Structure formats: C-alpha cells, structure tokens
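**Q** quick one: sequence plus predicted model below, questions after.
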Amino acid sequence: MAYKQYILVCGGTACESNHGIALFSALQTAVKKHGLVNDVQVVRTGCLGFCEKGPIVKILPQNTFYVEVKPEDAEIIVKEHIIKGRVVSRLLYDKNQSKRNVGIEGIDFYQKQFRIVLRNCGVIDPDKIDEYIARDGYKALEKALFEMKPGDVIDEVSKSGLRGRGGAGFPTGKKWQFAAVQPAGQKYMVCNADEGDPGAYMDRSTLEGDPHSILEAMTIAGYAIGADKGFIYIRAEYPLAIQRLENAISQSREYGLLGNNILGSDFSFDIEIRLGAGAFVCGEETALLTSIEGNRGMPSPRPPFPAVKGLWGHPTVINNVETLANIPVVLLKGNLWFSKIGTASSKGTKVFALTGKVNNSGLIEVPMGTTLREIIFDIGGGIRDGKALKAAQTGGPSGGMIPPQFLDTPLDYENLSKIGSIMGSGGLIVMDEDDCIPDVAKFFLDFTVEESCGKCAPCRIGGRKLLNYLNKICNGDGTLEDIEKMQVIGEAMSRASLCGLGQTASNPVKSSLRYFMDEYKEHIEEKKCRAGKCKNLLTYSIDTEKCVGCTACAKVCPVNAIAGERKQPHVIDTTICIKCGQCFEVCKFNAVKRS
Amino acid sequence: MAKLTLAGLIKLREQKQKLMKKRDPSNKDAQIIVGMGTCGIAAGAKDTFNTIIDELDARGITHVLVRQTGCMGYCHSEPTVEIITPDMPPVIYGKVDSDTGKRIVEEHIVNKHLIDNHICDKPSMDIISEPGK
C-alpha cells in the first residue's frame, strides 16, 4: 500500500523539547482516528533548521510549511488539510501576516542556504535506512569500494579542499594521508561528536537527522586509511542522537554495510559508540583519545600526532561530524563540484547554530564566504525588537567578538582569524546594544575556566587571572593597568597553552579589548555600564516629578526598598536596593531612573 | 534481511527512490484535485482518488501532484476531479468513478485529450490568488 500524503514532523531536540513528541503522536492519533493510516504517513525527521519557529510540520507533496504547531493543532491539520485540502492559514509562516500559502521557497530563512551537510535533515526519517539509501545513501561507499583504490579516495578528498569543521580547519585529505602512509597494521577511525560550545548544536542535529551519513563516511575513511575499526565519541548529554546512531548502526550491520566483507568486498569495518561525560576539553583530539582508552580526559603534547600514534598507540584519524557528513557528497559529486563552492582557501559550506538576539535563531548551512550581514540580517531576519547589533561571536568560547564594521567580510577560516576570531565548530552568537561586552567576555571565561583540565599552567592560572580581572572591572574596581595585564596574560595563554582550549580561551578577551576598548574604559574610568548589565555600576532612583505614586514599583520590589504613600512620589532606599531592576521594568511613567 | 551485495543495494535504492519521489514537491507541473467533501466521499471519491494514484504509479508518472480538496459545489455530479496541466485548459470533470479516473490519467494526462461527457465546467476564478481581477 503506497502512501499518498506525508506529514513531516521535525524531530530535532529543539522541536522535541517544545512538545514535538506529543505533536508527533497527536498527529498519528488523528490520522488513525480519521481512518487514514494507509493513506498518510507521519514521518519524524531530523532538524529542519528553523528552530525559532518550532515545532515545524511540513506536508508533502504539497510542500506546505507549518510553524509553531502545538499538539492540539494535529486534529485540525488532519481534518482540514489532509481530508479537505484546505490550508490551515493560521499555522503558516508569514512574517508580513498576509497569510498567503507559504511554502519553503517563500521563507527568507531558507533562501541563502545551501545544504550539503544537512542535505537529508528534515527530508528523511533518520530511523529508516531505506530512506537514506533512496537519497543516494551508501552510493559513495559503493563507488569507493568497487571503483576506487584507497589512494584515489584520499586524492579526491584532498583535491576537494575539504578542511576540518571542528575548529582548526586542517585539510582532511592531508590528515588521511598521514595515517594511510603509516605501516599496515591496526589503525582506527574516530568521529569526534563531542560538541561542547555553549549554544552550538550543529553536530547533534546532523547526527539526529542523518546518522547514516556519518556511518557511511567513517567506513569510507576506514577504507582510505586502512582501518577496520571506528569509534564515535559522543557526549552522554545527547540521548536522542545516541539512540538514532545505535539504531542506524544495527540497521547497517543487518544490511551488511558494516561488519565483515562489506557488500561482498574484502573490506571489513565496524563502528562502536563511546560515551563522554561532557567535558569541553574532550573535544580536543588527544584528550578525546585518552578518554576512549578509559583514562581521564587530558590533552597531551603533539607530536606525535594521532595520525601517527593515536588510540592505544596505533595510527588514528579523528574527524568531526560535520567534516564527515561532507565526505559522501565529495566522492559522489567529485572534487571539482565541491571545490567550486566557497572561497579560495575554504571550500564547501559551513553549518552555523545561529543564536542570541536575532529574530530567526536556528540551524543554517551557507557556502563559505557568506557575509555576517547575510547571515544575521537576511537569514536571521535582523536583530530582535529592532535594536542595534553590537557584536557577533563566532567559534563559541574559543572565538572572538566581531564588531559591526566587519559585517561585509566574507566568512572563511583565514578572514576570521585575521579579525581575531576563529571559525570554530560553528556557534554564532549575536549580541545587541543590551549586551555588555566585558560581561559577555566574563561569561565565556567563566565557561573555559570551569572546563580547563588544569594540566598546564598558562590555561589553568591564566584563565583564572583573566576572569578575576573581568570580575573586578564589572564590579567597578578595575584599573587601566588591569587591561594591560589582561593583554599580556591573554597573549601568553595563546602561545604557551598545551592544547586548543587554552590557546583560544583568551580570544573573547583579546578581541573585545581590540574592538571595544571604549566600553572597558567606561567601566573603569566612568564606572558606567552602558548596557545596564553590571549591577555594581548601577543605581536606581525615582524621578519625583514623574512619579504618580501608583505603588507598582513598591509592590514588585523583592526587598521592600521602595517606600512612599499612595499618590505621592516614592523613594528608593539605595542601602537596601539589590539592583534587580524590576522597578525599572514595571514603571509605566518612566519615573524610575537607572544610571 | 540477508546481507546486501552490491547489486542488492543498487536494486534496493531504485525501489526506494520511487517511493521517495512521491514526496518530492519539485518537478510537479500538473495537479489532479479530487473533491473529497462528504458528498464526494459518499459518491465514491475515495475509490477514484486511490485509482488515480495507483494508475499514476503503474505508469511511473511522477510529475503529477494528486491532492484532495473540499466540496467544489457540483454535488449533482460527484465525484468531481479538477485537472490543472500546462498547455491545457483547466477542467473540472464530474461523475468520475474509478474507470473514469483511469481514463483521466490515460487520456488527459498522457495523451492530452479532454474526455467527453464528463466535463463539468472550468474552475471558477480564485479571488484570493488573483485579487483585482
């Protein structure tokens, strides 16, 4: 029995946490209730990317795109759309509220995107290997095993210009080559799925939406370097991704796409999952490997590089999830196709998790060389509440803050590093005028200090020192000498730390000192925080001329610091005030002043 | 499921690709819209709908989108089916039973001929999508 209509429900974690599971089962129930089980298939897909408006429901083949769908809407979708063919206009995405029938092509969010890594996300059911196969899945593996020698595979990847998407941007083909030339014997292929930046979820979404693409790519890589065993190192905090990976692995084994003599060839390869406990440092490759071996995750000096001496002393290639997701496409479409996308030094696309003060936060994939302006204003729909952009942070806590003057810089590895940030794994946090730069730097330092493994002094002590200075500045006790010291310490950390975590931890501080010095100086010299974030620099008072004595502020004050008779001007007792700002928010007469 | 060989995988992919094609909203230039209001369903529109889809599948036609819609108002001629294809006038057929549904696919979609004795009307103007006309 063939289905006639398809209801696709986004099954990414963002949508699932927004009652997506209840929605999925409500749709199934509704379909059952109306006797349409044989006609309509309800499919749970991977992340559709438009997380801001989730949960997303897409109806095919009509290609209707519903946003912010609640479980209670399931009945009306089935009753109206499926049975009567009438579009439920109130669930359509339409920023102009004109309620036209908006399909994906009508949504600005998708217009500038180009999906290689996310090609199957939101298209297939990630729990069904057949759907992956139908979308040319495992075709690249076929090609590699039966038409190419291992050297040809490496050659193709090298020529494509694909670089590691985990952060550093090392050429993938070169990495494979290093491992391939090691003497034959035990070798390993490892997938780094230990995504740890706050606010980043590119790898999680890829694994949740298209787990087979990673398995296929790892098998191809295993063939290229001569490994027969692969590990996926993923944090235990990603239960849905783990579950889908486990399911995908068992399906692949059943089909003979993993295991001995794959597809009847003489190549054998199998994959195991290793769960990490969610330490940021374990995303660093040497720390990751020692964690797989069962030790505490701490980095070790390189060389020897893992490609020479990795897991249990054997040559090991480690690739990030997003890097791997590109591999099948590179082989199938060829290096020429792939290398046409992107900029001179950075080929292909990059997935970003766009978060912060943008209207459309979500998961996006754009060609390398796309500008920040296109990402933030065209795809992201601009800054929330019409406020002004202050900075954008790429690369999460390891990246730098980029001021608006670089909005038109094409994003690639080289350009980002020139302006003091990094590509990183793809977190992209947008800040507006209400964000205080030293305060944001403090947030990131807080994270890296917490996550530092403590093995080397520059990272362990330097990070703590930087954080102390930032705290001092935000409390209004900073001095100009502190800034000089921060610059020296930041530089020392970058040069002397053992691993990437410490080397990049000072980036938020260094970049913000470079572009936002005036804001630091304001905190120090004028004791002023223009964003109103640093509590110690604020005082609240009531303008007696504007105050009408409505008592709203007195009622909301949690510490009873506001006194005054009804219909008489009120007064704030600054010795009791905890500067929570609730009176400022609640006053309808702009009588509460913050300075 | 036995382990796949290369030939097995290629065959499986071909099979599954056909199924996935049906979901694909692109490359569809024609629409067959079956009126599935209560009266339409009572008059057998469901059978018509299924027959049309099966017939398209049997012929390997993938460029046609089959949709359901509500009552078109021709209750006297149910089941009704509207066809929108390039190079042909939009047409509503009435009294489309399973056999006529098959003929629609064969004559209207494949041979580009209108079918006698079933033409009801051309669809009314859509005031929503063509304002001001």
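**A** Cool, the structure landed. The shown structure was predicted, so the numbers you read here are calculated from the model rather than taken from an experiment. Residues are numbered from 1 along each chain as shown, chains lettered A, B, ... in the order given.
**Q** now do the phi/psi pair for residue A:130.
**A** Per-residue torsions, residue A:130: phi -60, psi -40 (degrees, to the nearest 10).
**Q** right, and it touches residue B:17 too?
**A** No. Residue A:130 is beyond contact range of residue B:17, at 10.1 Å (criterion: Cβ atoms under 8 Å). No exception for glycine: its C-beta is placed from N, CA and C like everyone else's.
**Q** when those two are compared, which one has more neighbours?
**A** Counted by other Cβ atoms under 10 Å in any protein chain shown, residue A:130 and residue B:17 do not tie: residue A:130 has more neighbours, with 18 against 13.
**Q** could you find the closest non-adjacent residue to the more buried one?
**A** Nearest non-adjacent residue to residue A:130, counting by Cβ to Cβ, 6 or more residues apart in numbering or on different chains: residue B:16, 4.8 Å away.
**Q** tell me the contacts of the one you found?
**A** Applying Cβ atoms under 8 Å, 6 or more residues apart in numbering or on different chains, one finds that residue B:16 lies in contact with A:130-131, A:133-134.
**Q** and residue A:470, by the same measure?
**A** Residues in contact with residue A:470 (Cβ under 8 Å, 6+ apart) are A:438, A:441-442, A:445, A:486, A:509.
**Q** go ahead and list the helix or strand containing the nearest residue to residue A:428 once chain neighbours are set aside.
**A** Leaving aside its sequence neighbours, residue A:428 sits nearest to residue A:352 (Cβ to Cβ, 6+ apart; 4.4 Å). For residue A:352, the element it lies in under DSSP states H and E is strand A:349-356.
**Q** partner strands of the following helix or strand past that strand, with direction?
**A** For strand A:349-356, the following helix or strand on the C-terminal side (DSSP H and E) is strand A:362-367. Paired neighbours of strand A:362-367 in the sheet (DSSP bridges): strand A:349-356 (antiparallel).
**Q** quick one: mean pLDDT for the partner strand?
**A** Taken as a whole, strand A:349-356 has a mean pLDDT of 92.
**Q** so for that strand, what gets flagged as buried?
**A** A:349-356 (16 or more other Cβ atoms under 10 Å in any protein chain shown).
**Q** quick one: contacts for the residue nearest to residue A:428?
**A** A:202, A:363-366, A:375, A:394, A:426-428.
**Q** hmm, residue A:245 is touching residue A:232, no?
**A** Yes. If you go by Cβ under 8 Å, residue A:245 and residue A:232 touch, sitting 6.4 Å apart.
**Q** and the single nearest residue of chain B relative to chain A, how many neighbours?
**A** Nearest residue of chain B to chain A: residue B:3, at 2.9 Å (Cβ to the nearest Cβ). Other residues near residue B:3 come to 16 when the count uses other Cβ under 10 Å.
**Q** close enough to count as contact, it and residue A:256?
**A** Yes. The pair residue B:3 / residue A:256 is scored as a contact, 2.9 Å apart, by Cβ under 8 Å.
**Q** gap between residue A:6 and residue A:61?
**A** Residue A:6 sits at a distance of 7 Å from residue A:61 (criterion: Cβ to Cβ, to the nearest Å).
**Q** and residue A:548, how many neighbours?
**A** With other Cβ under 10 Å as criterion, residue A:548 counts 14.
**Q** the nearest residue to residue A:543 once chain neighbours are set aside: how many residues sit nearby?
**A** Spatial nearest neighbour of residue A:543, excluding adjacent residues (Cβ to Cβ, 6+ apart): residue A:591 at 4.8 Å. Residue A:591 has 22 neighbours, counted by other Cβ under 10 Å.
**Q** cool, and residue A:215?
**A** 29.
**Q** my guess is it is in a strand, correct?
**A** No. Assigned with DSSP: H, G, I helix; E, B strand; the rest coil, residue A:215 falls outside any strand and is helix.
**Q** so what does residue 65 look like in phi/psi?
**A** Here I'm looking at chain A. phi -120, psi 110.
**Q** was after chain B, sorry
**A** Taking degrees, to the nearest 10 as the convention, residue B:65 sits at phi -100, psi 120.
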